[in-house]
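Q: got a predicted structure plus its sequence, pasted below:
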Protein chains: 2
Amino acid sequence: MSTDASPRTPLADRSPDELRSFLEEKRAAYATLVERGLRLDLTRGKPSAEQLDLSEALLSLPDGHTDRAGTDVRNYGGLEGLVELREMFAELLGVETAQIVAGGNASLTMMHDVLVFHLLHGGLDSPRPWKDEEVVRFVCPVPGYDRHYTMLESYGIEMVTVPMLADGPDVDAVEALVRDDPSVKGMWIVPTYANPAGSVVTQEVAARLASMPAAAPDFRIFWDNAYALHHLTEDEAKSADIVSLASAGGHPHRPVVFASTSKVTLAGAGVAFLAGSRETVQWYLGHLKFASIGPDKVNHLRHVQFFGSPDGVRAHMAEHRRILAPKFAAVDAALSAELDGLGIAEWTRPRGGYFVSLDVPDGCAARIVALAKDAGIALTPAGASFPHGRDPHDRNIRLAPSFPVLDEVETAMAGVATCVALAAAEQLVGDVG
Amino acid sequence: MSTDASPRTPLADRSPDELRSFLEEKRAAYATLVERGLRLDLTRGKPSAEQLDLSEALLSLPDGHTDRAGTDVRNYGGLEGLVELREMFAELLGVETAQIVAGGNASLTMMHDVLVFHLLHGGLDSPRPWKDEEVVRFVCPVPGYDRHYTMLESYGIEMVTVPMLADGPDVDAVEALVRDDPSVKGMWIVPTYANPAGSVVTQEVAARLASMPAAAPDFRIFWDNAYALHHLTEDEAKSADIVSLASAGGHPHRPVVFASTSKVTLAGAGVAFLAGSRETVQWYLGHLKFASIGPDKVNHLRHVQFFGSPDGVRAHMAEHRRILAPKFAAVDAALSAELDGLGIAEWTRPRGGYFVSLDVPDGCAARIVALAKDAGIALTPAGASFPHGRDPHDRNIRLAPSFPVLDEVETAMAGVATCVALAAAEQLVGDVG
């Protein structure tokens, strides 16, 4: 939501002449922008080199090669991961050590494994493997994370969307979808600082999701807590304890929690985690054992030594915040400077996570992304935050300011703001250049 | 095959009194063995601490964090793995760089992914996903690797066995199974120093497997070249070039090759590889991209810097041989000392790999494993090298001498030999203690 403090006249209130004059002004600004020959990238939520440097010490760890119990971490085994790392992240994620597994370098892989095991074997409480169902549907809050959708799409799973609100998915809509249709087998949620809107699922919404009646006995919540620790302010959101809530709600195996250190230590070389009821963990390991003898425990030990304790992780995240918060402020400043008061755009000011969600006039998002591209500013494709890459209103743009250095974020976002103003003016004037 | 140089009389040629005397002698020896209270483990093909120490330098690598192209290996991306590592192992495995992918820490995971993708999507040339077939069968040479069987079993895939001979699987039997039955979708092979028999698939057998007619258009050879580089003598086996042979034979997508550095660098923290036709690689990556943003490229860079070149890998493997060869010699010496000439046991003297395959009188394997266990010597369960863990003759025992130190291998194998002699005598006398 942009502020209303600007003295500018909203575009919708301007005369045709004023609008044409505004359009020419923005065309000139855009021409100047293109002449600069920028090459900037705001496409993906990747940590910057400066953030990765925070974990430089990891590259010369571990010291020694035995875990607390004296086991040689270099050898095979230990499918559930190093217990001291599981303890550390159990505390951070609010679960018990027996409820968490430490895996490889990608929570996405764990999500895929869980989906595949449900398809081929079925889950706890499944009447049959999901591959033997006529149709399998997932509830997808939108806007959301593109890789969640593409994974489902690759297996032919149908996606039913609900709006993502400030307090989480529209829970009335979710309850209505789940209650009577046994083909609705699951839903995705990024509960904390959601990709891209920055929403945080409240305790109340989480409690309803955890306890709502579901026609499918094996209904699963894929609770992708990718940004659990990724605060941008000192007002730190506390993730709802979905595992306990589900247990209290009579559906202990409903949630499967995912997290990772990809945006804590190294994006390609971190550690991923899966959590859930003890039975969920055993179910997962019971299938995983045919595909793995164990995760990279050397990397687990490396992380244990690097962090030292849960507080070590928290202190490390404060360093990320120090780097990231100014970039998010720059996004807001650039958009405000150009667009405040024009009544053509709204954007989020997230308290955590990696994204700003920008809403522009309906029908303008793809045009803005194309304009930015021609000016050397790569944005996530319009529609990427919706199933099948199709935003029904063509109005949402996901901005990812973490990777470029601050100067580049400022430059890129000023350019993006110019593109937004230009596209809105083109639409109002009815003259797409 | 044990030598015939001993002056001993085979047990089968001894009189009842001689046999009873032999039995009492072995019972006494076994009682002495049990009294020693050993705790030794020959169960799994795990590298020893001394072998893992060869890669100690890995633990403080990499230096820097960019690959040859200047890409920051700490960040996301690069699904196919670091090109310099792929080049190195392309040379070692005899494929082109475009035909190989470097992945995570486990070739078993890559095998599982390939199987799952065939089940849920189907492969190149598949008329439909394998999940939609009435029945899927795999040809399994026996004895073989237990994890191959348990993976298939977990997905309800039927296993049809053929004998593993000195030059590879009984190729007449394989051809007959594959030619007319479209439900036979694949086969496992460990082509070089096979687990457990040490066989090496010859060029001739490989060429027949690569070109034989198959009723299933999507028949796959899972070519698990786990021991490609793991020579125990200077007479180094050269793995057949199955990818080129299959291409020449008109079935370019038939083989999927797997390998890893689990028994080269660190068993839990190495790098796994998948190879095949370019189309196979693209097919694999085309499905993998929904499950991963990329492998641990930091670990890839670590390995590139540690080895330096393919010759660096070869030199490193010579160090392993220096450690392992005496252990394999100790197995042979202990078995020969106790059993030569008795006509009750045969065993392999492999030129590479991690195992000795010991054949005992029919019906005695489980008894011997139980006797050893009671004497504190853990052996792989009898039957483990057969589908469903059932050796139809109960005669094969897999010995894995890599993990214990040399002294322990000598002690354990002398004990195993005592158990073999005792069990054989019990059977001949008809008096199981």
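A: That came through, no problem.

Q: contact partners for the residue nearest the centre of chain A?
A: Central residue of chain A (C-alpha atoms, centre = their mean): A:N195, 3.2 Å from the mean position. Applying C-beta atoms under 8 Å, 6 or more residues apart in numbering or on different chains to A:N195 gives the contacts A:G45, A:G144, A:Y145, A:A226, A:Y227, A:G353, A:Y354, A:F355, A:S385, A:R398. Quick note: C-beta positions are derived from backbone N, CA and C, even for glycine.

Q: which among the residues you listed end up buried?
A: For the contacts of A:N195, a burial check counting by 16 or more other C-beta atoms under 10 Å in any protein chain shown picks out A:G45, A:G144, A:Y145, A:A226, A:Y227, A:G353, A:Y354, A:F355, A:S385, A:R398.

Q: now, among those, which is nearest to A:E175?
A: Nearest to A:E175 out of those is A:G144 (C-beta to C-beta; 18.3 Å).

Q: tell me the secondary structure at the residue nearest to the centre of chain A.
A: coil (DSSP: H, G, I helix; E, B strand; the rest coil).

Q: quick one: A:R20 from A:M187, how far?
A: Between A:R20 and A:M187 the computed distance is 47 Å (C-beta to C-beta, to the nearest Å).

Q: A:L54 now?
A: Going from A:L54 to A:M187 by C-beta to C-beta gives 34 Å.

Q: which of these two has more neighbours?
A: Ranked by neighbour count (other C-beta atoms under 10 Å in any protein chain shown), A:L54 and A:M187 place A:M187 first, with 26 against 18.

Q: what about that one, which helix or strand?
A: A:M187 is located in strand A:184-189, with elements delineated by DSSP states H and E.

Q: all helices for the stretch 1-150 of chain A, in order.
A: Listed in chain order, the helices of the stretch 1-150 of chain A (DSSP state H, counting those that start in this stretch) span A:16-35, A:49-53, A:83-93, A:107-120, A:146-154.

Q: who's in contact with whichever residue of the stretch 1-150 of chain A sits closest to chain B?
A: For the stretch 1-150 of chain A, the residue closest to chain B is A:H112, as judged by C-beta to the nearest C-beta, at 3.6 Å. By C-beta under 8 Å, 6+ apart, the contact list for A:H112 reads A:M151, B:F290, B:A291, B:S292.

Q: list, one by one, the residues from the stretch 251-400 of chain A near chain B.
A: Taking C-beta under 8 Å from any C-beta of the partner chain as the contact definition, the stretch 251-400 of chain A meets chain B at A:262, A:266-269, A:287, A:290-299.

Q: please name the nearest non-neighbouring residue to A:H320.
A: Excluding its sequence neighbours, the residue lying closest to A:H320 (C-beta to C-beta, 6 or more residues apart in numbering or on different chains) is A:Q51, at 5.7 Å.

Q: same question but for A:V257, I mixed them up
A: Sequence neighbours aside, A:A275 is the residue nearest to A:V257 in space, at 4.0 Å (criterion: C-beta to C-beta, 6+ apart).

Q: next, the angle from the strand holding A:M187 to helix A:146-154.
A: Angle, strand A:184-189 to helix A:146-154, by axes from the mean of the first three to the mean of the last three C-alpha atoms, to 10 degrees: 160 degrees.

Q: buried set for strand A:184-189?
A: Quick answer for strand A:184-189 (16+ other C-beta under 10 Å): A:V184, A:K185, A:G186, A:M187, A:W188, A:I189.

Q: stretch A:304-316 too?
A: A:V304, A:Q305, A:F306, A:F307, A:P310, A:V313, A:H316.

Q: dump those into JSON lines; add secondary structure and pLDDT as well.
A: Shown next, in JSON lines, are those (DSSP: H, G, I helix; E, B strand; the rest coil; pLDDT from 0 to 100):
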{"residue": "A:V304", "secondary structure": "helix", "pLDDT": "98"}
{"residue": "A:Q305", "secondary structure": "helix", "pLDDT": "98"}
{"residue": "A:F306", "secondary structure": "helix", "pLDDT": "98"}
{"residue": "A:F307", "secondary structure": "helix", "pLDDT": "98"}
{"residue": "A:P310", "secondary structure": "helix", "pLDDT": "98"}
{"residue": "A:V313", "secondary structure": "helix", "pLDDT": "98"}
{"residue": "A:H316", "secondary structure": "helix", "pLDDT": "98"}
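
Q: pick out the most distant pair among those.
A: Most distant of these, by C-beta to C-beta, are A:Q305 and A:P310, 14.3 Å apart.

Q: that older thread, counting contacts, what elements does the strand holding A:M187 pack onto?
A: strand A:137-142, strand A:168-169, helix A:171-180, strand A:220-224 (3 or more C-beta pairs under 8 Å, 6 or more residues apart in numbering or on different chains; DSSP states H and E).

Q: out of the ones you listed, flag the one nearest B:I323.
A: Among the helices and strands packed on strand A:184-189, strand A:220-224 comes nearest to B:I323, with 44.6 Å by C-beta to C-beta.
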